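Enquirer: Using only what follows, build the 3D model:
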Amino acid sequence: MRNLLFVALLFVALPAQAGQFASIPEDVDFDFERWPYPLHQEVTDRLHELAELYPNLARAHVIGKSRQGRDLVVLEITNFETGPGEEKPALWFDGNIHAVEVTGRQMMWYFAEAALASYGKDPVATRMLDTRTFYVMPIFDADGGEAALTRHPAWPEHKPEEHNGKDLDGDGYITRMRVKDPEGNSYPSWIDERHMLQTRTRDGGRWNFVSTTLEDPGDFEKLAPPENRYRVYTEGQDLTREVTDEREEPNFNRNWSAEWQRHEPGAGPYPFSLPEVRAVAEFTVTHPNIFFTYTIHSGGGARNYIVRPPMSHPFEYMPPEDNDFYTRLGAVWSWLSKGGVMNNNWYAQEVKAGRYGETMHGFSNDWAYMHVGIHSLLPEISGAGRDYDQDGYTTQYEILRWVDEEKDGVYFAPWTPYQHPELGEVEIGGYRGLPQGIDDRLQFECEIHYQYLMEIAGRSPLLRIIDLDAEEVSPGEHRVTAVLQNEGYLSTYVTRKALEIDLDYPILAELRVQGGEVSGPAKVDAGHILGKLAYIRRWGSGADESRKAVSWTVRGDGPMEITVDAWAKRAGRHQRSMTIGSTDGGAQR
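Expert: Numbers count the residues shown, from 1 in each chain. Down below sits the predicted model:
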C-alpha cells in the first residue's frame, strides 16, 4: 500500500498544471528540414523581429559580446501588461553552448516562436506568460556555432582559413582520412565496415571502456588484429604539430566557478574567463527572479537524456526536497520522451572510466545549483537518423541506414583511395556534414521540449495575496491582516541549497497608507512559505501549509486607502488595496 501511495504521489508531477500539457501550436512556420541551420545574424534578426511583432509579450536584450564581437541576444518573453518580467518567477534557457552542438539553437528558437504564437490560444501557455518570465538565448557560443555551421566548402559563408582540414577530393566536404597502421587505434566495424571504431585502450578519451572484471585489467583486448587497424585524421589536416605551452581551448561548460579546477580539460585560466560565460552568469545573478536554468547540448548518444546536478557527486549530496524535484521531473521527461532517462555523471561508468576520472568540474548546472541556489538541467539531444527497430535507441548503424534509404546517401562519403603527399596511400570518406537534428525527429524534440519547459514553468513558487482584511480595534486604530499564499509547487526559497548559502530571498510585505500611518515597521520579513513539493505526502492527504498571515496596526481618522505589496524575488510580486475607516466597511481591490 505504501508503494502504491509513493507511485501515485510521484505522478502528481504529470503534469502540475490542471492535468494538461501545453498544446503544440499549429500555426508556427518553422523549417524543420533546413540544414545547415541558420547562422547567427539570421537568428538574432528574427529575435529582434519577434520583439517587434509581439511588443506586449517579447523584448530583445543584448547582454554582451562574443570573443569575436557578435551580439549575445536574449529574448525576454512574458505578458508585460500583467507586470514587469523581473517581478515574476523566471526561467533561463540557452542552446548551442558548445560550438558543434548546434541543435539547441533550433530548439530554443522554436520555443520562442511557439510560446508567442500560443498566447491567447492555449490556456497553459497563456497562463505561463501571464505569470512567469522566460529568458531565451538560442545561441550561447556565437563564434563556435558560426564556425560549425560554415564548416564545409559546400556550405554558405565557408572561410577555409577558419577551419582545420581541407577538402582534398573536391566533394565540398571536409570528412576524414584513414591510413593503415598496425599501431593505430581505429578499426572498421564488423557490423558495417564504413563505420570506424576505437580500439579498447586506457587513453580512449572522454568515453572509455569498462572492464569485464572487478580487477583492473591493466590493458584491454584491442578487438582488431594489427593488420586491420588504422590511424584516422581530419581530411587535409595540418600534420605538423607545433610544440606550445598553451592549454586546450576553454570549454564553455567547464569555465564556471562551481568546483572549478585548473587541471580540468577545457577549464580555462580562471572561472568566467570566457566573456560569453561571464555575460550569462552576470545576467543570472542580476535577475534573481530566475529559479531554473536549462542548457541544451547536442552531444548525446543513441538515446537522448537529461543530466541533473550534482554532476560529480551521488544524489545524496542534495537534501531530499531538492532531490525529489529531479525525481519527479525525471518522471515527466520519461513520459514525454517515451522512456528517456535523467541521470548525472557520477553514475555514468563510461565517463568515470575516461579521461575525466572520478569527477568533472566547472559545469553550468552545478554553478546554478551550488552557487546560485536554483534548479538546473542539461539535456543532451540528438535528432538524426531513425529508430528502425523501435527499441528506443538510434544507433550509428541505423543512422547509416537512414542516410542510405531516406537521404540518398548524401551524408556519407564512401571510403575512396587518395594519394596523400605526406601519408602516401590513404582513404578519404566518412560522414559528410551529417545533421544533428532534422525533419520529423527534430520536430518531435522541439515539441516535447516546449511542453516540458512549459510544465517546469508551472512548478515555480507563485506568491499571491488571497485576502486583505481590516478590523477596528479601537477608535482610529485598525488591525490590517494580509493572507499570503504560495500557489506554486516549489517553496518560495526554491531549493534547500539556497537556504544553506543564504540566497533564499524571503518574502517581504509592505503596507502603504494614504490618510493615515502605520504604527511600527511598514515593511516586514515574512520568511518563506512551503510549496506542495516540500510536504507532498501530507498535501496528498489533505494538508495545506501554503498560507501565512501578516498583520500591521494602522492609525488614522476617516477613510484610509491601504495597499499591501508582497514579493519574493523567485516567487513573484502581488498587490492588493482596500479602503478602511469608511461607512461601507471597505472594499478590496
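
Enquirer: use CA for all of it now, contacts and neighbours both
Expert: Fine.

Enquirer: Run a quick neighbour tally on Q68.
Expert: 9 (other Cα atoms under 10 Å).

Enquirer: residues touching it, list them.
Expert: Shown in contact with Q68 (Cα atoms under 8 Å, 6 or more residues apart in numbering): D143.

Enquirer: quick one: strands adjacent to the longest strand anywhere in the chain?
Expert: Counting by DSSP state E, the longest strand found in the chain is strand 463-474. Applying DSSP bridges, strand 463-474 is found paired with strand 477-486 (antiparallel).

Enquirer: which regions of the stretch 1-150 of the chain sit below the pLDDT cut-off?
Expert: 1-19 (pLDDT under 70).

Enquirer: all strands for it, in order.
Expert: 58-65, 71-77, 90-95, 133-137 (DSSP state E, counting those that start in this stretch).

Enquirer: so which of these is the most packed in?
Expert: The highest average neighbour count among these, using mean count of other Cα atoms under 10 Å, belongs to strand 133-137 at a mean of 27.

Enquirer: ok, residues contacting it?
Expert: With Cα under 8 Å, 6+ apart, strand 133-137 has contacts from 72-78, 85-86, 88-95, 108, 112.

Enquirer: what's across from the spatially most central residue of the chain in the sheet?
Expert: With distances taken as Cα atoms, centre = their mean, Y294 lies nearest the centre of the chain, 1.7 Å away. Beta-bridge pairing for Y294 (DSSP bridges): F93, L377.

Enquirer: Just list the residues touching it, thanks.
Expert: Contacts of Y294 (Cα under 8 Å, 6+ apart): 91-94, 376-379.

Enquirer: how about 10 Å then?
Expert: By Cα atoms under 10 Å, 6 or more residues apart in numbering, Y294 lies in contact with 91-95, 136, 364-365, 368, 375-379, 453.

Enquirer: For this structure, which segments are assigned as helices?
Expert: 2-10, 40-53, 103-118, 123-131, 142-148, 275-285, 320-337, 349-352, 364-367, 396-406, 439-457, 496-500, 536-540 (DSSP state H).

Enquirer: Mean neighbour count, the ones you listed: which tops it?
Expert: helix 364-367 (a mean of 26).

Enquirer: where in the protein is pLDDT low?
Expert: 1-19, 201-209, 216-222, 242-248, 349-359, 582-589.

Enquirer: Centre of it to the edge, which residue is at the far end?
Expert: In the chain, by Cα atoms, centre = their mean, P475 is the one farthest from centre (57.2 Å).

Enquirer: what's the spacing between that residue and G558?
Expert: 10 Å (Cα to Cα, to the nearest Å).

Enquirer: first to last residue in stretch 432-442, what's the distance?
Expert: Span of stretch 432-442 from end to end, Cα to Cα: 19 Å.

Enquirer: Stretch 402-412 now?
Expert: Note: stretch 402-412 ends 11 Å apart using Cα to Cα.

Enquirer: One more: stretch 560-579?
Expert: 6 Å.

Enquirer: got it, and stretch 416-427?
Expert: For stretch 416-427, the end-to-end distance is 5 Å (Cα to Cα).

Enquirer: now swap in stretch 75-95 and tell me
Expert: 13 Å.

Enquirer: What of stretch 131-150?
Expert: 40 Å.

Enquirer: for stretch 22-41, same thing?
Expert: 30 Å.

Enquirer: This protein - how does it break down into domains?
Expert: 13-141+252-384+436-457, 160-247+394-400+408-431, 463-580 (automatic domain parsing).

Enquirer: want to throw those into a markdown table with distance to A147?
Expert: Formatted as a markdown table, those follow (distance: least, Cα to Cα, whole Å):
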| stretch | distance to A147 |
| --- | --- |
| domain 13-141+252-384+436-457 | 7 |
| domain 160-247+394-400+408-431 | 7 |
| domain 463-580 | 37 |
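
Enquirer: Dihedrals phi and psi, the closest residue to A498 other than its chain neighbours?
Expert: Once flanking residues are discounted, A498 sits nearest to G373: 4.1 Å by Cα to Cα, 6 or more residues apart in numbering. In terms of degrees, to the nearest 10, the main-chain angles of G373 are phi 80, psi 30.

Enquirer: unless I'm mixing things up, G373 is touching T293, no?
Expert: No: at 11.1 Å, G373 does not count as touching T293 under the criterion of Cα atoms under 10 Å.

Enquirer: Of all the strands of the stretch 1-150 of the chain, which one is nearest C446?
Expert: If you check each of the strands of the stretch 1-150 of the chain against C446 by Cα to Cα, strand 90-95 wins as the nearest, at 12.1 Å.

Enquirer: Which neighbouring elements make contact with the closest one?
Expert: With contacts defined as 3 or more Cα pairs under 10 Å, 6 or more residues apart in numbering; DSSP states H and E, the packing partners of strand 90-95 are strand 71-77, helix 103-118, strand 133-137, helix 275-285, strand 290-296, strand 375-380, helix 439-457.

Enquirer: Any idea which of the ones you listed gets closest to E398?
Expert: Nearest of the helices and strands packed on strand 90-95 (Cα to Cα): helix 439-457, 13.5 Å.

Enquirer: How far does the closest one sit from its chain's centre?
Expert: With Cα atoms, centre = their mean, to the nearest Å as the basis, helix 439-457 stands 12 Å off its chain's centre.

Enquirer: same deal with stretch 113-133?
Expert: Per Cα atoms, centre = their mean, the centroid offset for stretch 113-133 relative to its chain is 19 Å.

Enquirer: Likewise for stretch 465-472?
Expert: So, by Cα atoms, centre = their mean, the centroid of stretch 465-472 is 41 Å from its chain's centroid.

Enquirer: List the buried residues of that stretch.
Expert: 465, 468-470 (16 or more other Cα atoms under 10 Å).

Enquirer: I'd like those as a markdown table, with distance to K65 appended.
Expert: Output for those, formatted as a markdown table (distance: Cα to Cα, whole Å):
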| residue | distance to K65 |
| --- | --- |
| I465 | 41 |
| L468 | 47 |
| D469 | 51 |
| A470 | 53 |
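
Enquirer: Going by distance to P225, which of these wins?
Expert: I465 (73.2 Å).

Enquirer: okay if I get the helices of the chain as TSV plus distance to V62?
Expert: Listed next are those as TSV, based on distance: least, Cα to Cα, whole Å:
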stretch	distance to V62
helix 2-10	40
helix 40-53	10
helix 103-118	16
helix 123-131	21
helix 142-148	13
helix 275-285	10
helix 320-337	31
helix 349-352	36
helix 364-367	20
helix 396-406	38
helix 439-457	23
helix 496-500	28
helix 536-540	40
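
Enquirer: before we move on, back to that, and the helices and strands packed on strand 90-95 as CSV, adding distance to E249?
Expert: Below are those laid out as CSV (distance: least, Cα to Cα, whole Å):
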stretch, distance to E249
strand 71-77, 20
helix 103-118, 21
strand 133-137, 23
helix 275-285, 14
strand 290-296, 20
strand 375-380, 21
helix 439-457, 29
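
Enquirer: nearest to E510, of those?
Expert: So among the helices and strands packed on strand 90-95, strand 290-296 is nearest, using Cα to Cα, at 22.5 Å.

Enquirer: how far out from the middle of the chain is the closest one?
Expert: 5 Å.

Enquirer: quick one: that strand to helix 439-457, angle?
Expert: With axes from the mean of the first three to the mean of the last three Cα atoms, to 10 degrees defining the directions, strand 290-296 sits at 160 degrees from helix 439-457.

Enquirer: With distance to K166 as extra columns, can I get the strands of the stretch 1-150 of the chain in JSON lines?
Expert: As requested, those are exported to JSON lines (distance: least, Cα to Cα, whole Å):
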{"stretch": "strand 58-65", "distance to K166": "30"}
{"stretch": "strand 71-77", "distance to K166": "29"}
{"stretch": "strand 90-95", "distance to K166": "28"}
{"stretch": "strand 133-137", "distance to K166": "32"}
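
Enquirer: for these, which one sits closest to N228?
Expert: The nearest among the strands of the stretch 1-150 of the chain, by Cα to Cα, is strand 90-95 at 39.9 Å.
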